[in-house]
Structures are given as structure tokens and as C-alpha cells.
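In: Sequence plus predicted model, see below.
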Amino acid sequence: MDPSRTSTIALAERRLAWLDTRQAVLAQNIANADTPGYRPRDITPFAALLARGGGVALARTDGQHIAQRRGEPLARPDRGAVERAPNGNAVSLDREAMRVADTDTAHALATGLHRRWLGMFRTALGRQQ
């Protein structure tokens, strides 16, 4: 039995891929905090992806990027951005910093669960490390 093929490991890997994608989108929001007219973006919540059975893909911000496979989310405009600067920019660095911290915490949790699950398989097989 290959432990990497279990639904628990696959779910943790999907979560990690989603978190990596979200971190990239949030970093792009922060990088564009001074860009006139820039609207912050976020990706589809992970729970919604699981509910509809979709996968996770990187946001395609340039036509030369690898095309998105069908059924995978694109970064979408952040509907929580209500305040705008006079230049039209709606990025709130406080809100983005909180989202980055939440994403980092969730990433640490998913990585820890992934390691512990694989460690349990090693223990069951009589292997240490």
C-alpha cells in the first residue's frame, strides 16, 4: 500500500497546493499596494473547492502563463475590499497581512498533519525515520 495514495494524504497535498496558490495571490496584492486602480484578489475558499470537487491551480496573470485546466479556480476580485484610496487602489495592508498570517498558520498545520500521517505509516511498517 502506497501511503501517498490515501485520501488523507491527497487531501493534505490539495490543501498545501491551495495554500501555496493563495500565498502567491496575497503577495501580489501586497506588491501592488501602491498601484493606482488595483483591486485586491483572492482565490476560491478551500471548503468551496471541496464541495464542488474542483482542483487548485495557479492564478494566470499573463497570457503566456501555462493555461488553466478546466475545473480549477482563478484568482477572483476580493469582495471584502470596500475602502479605496483616492487613486482607486483598494488594497488594505492590514487585511492582507492578516490573511498572509492565517495562510501561514494553515500551511504549518497541513504540513504537520502530512508528516505525522506518514510517520504513522512508518511506525506501522516497523521503520523509524
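Out: Structure's in. What do you need?
In: doesn't Leu26 make contact with Asn32?
Out: No - counting by Cβ atoms under 8 Å, Asn32 stays clear of Leu26, with 11.0 Å between them. Where C-beta positions appear, they are placed from N, C-alpha and C, glycine not excepted.
In: For the longest helix along the chain, name the packing helices and strands.
Out: The longest helix of the chain (DSSP state H) is helix 93-124. Secondary-structure packing of helix 93-124 (3 or more Cβ pairs under 8 Å, 6 or more residues apart in numbering; DSSP states H and E): helix 7-31.
In: The helix it packs on: what's the following helix or strand?
Out: strand 41-42 (DSSP states H and E).
In: What strands line up against that following strand, and which way round?
Out: strand 76-77 (antiparallel) (DSSP bridges).
In: pLDDT on the strand it pairs with, on average?
Out: The average pLDDT for strand 76-77 rounds to 68.
In: where in the chain is pLDDT low?
Out: Applying pLDDT under 70 to the chain flags residues 1-6, 53-77, 79-82, 128-129.
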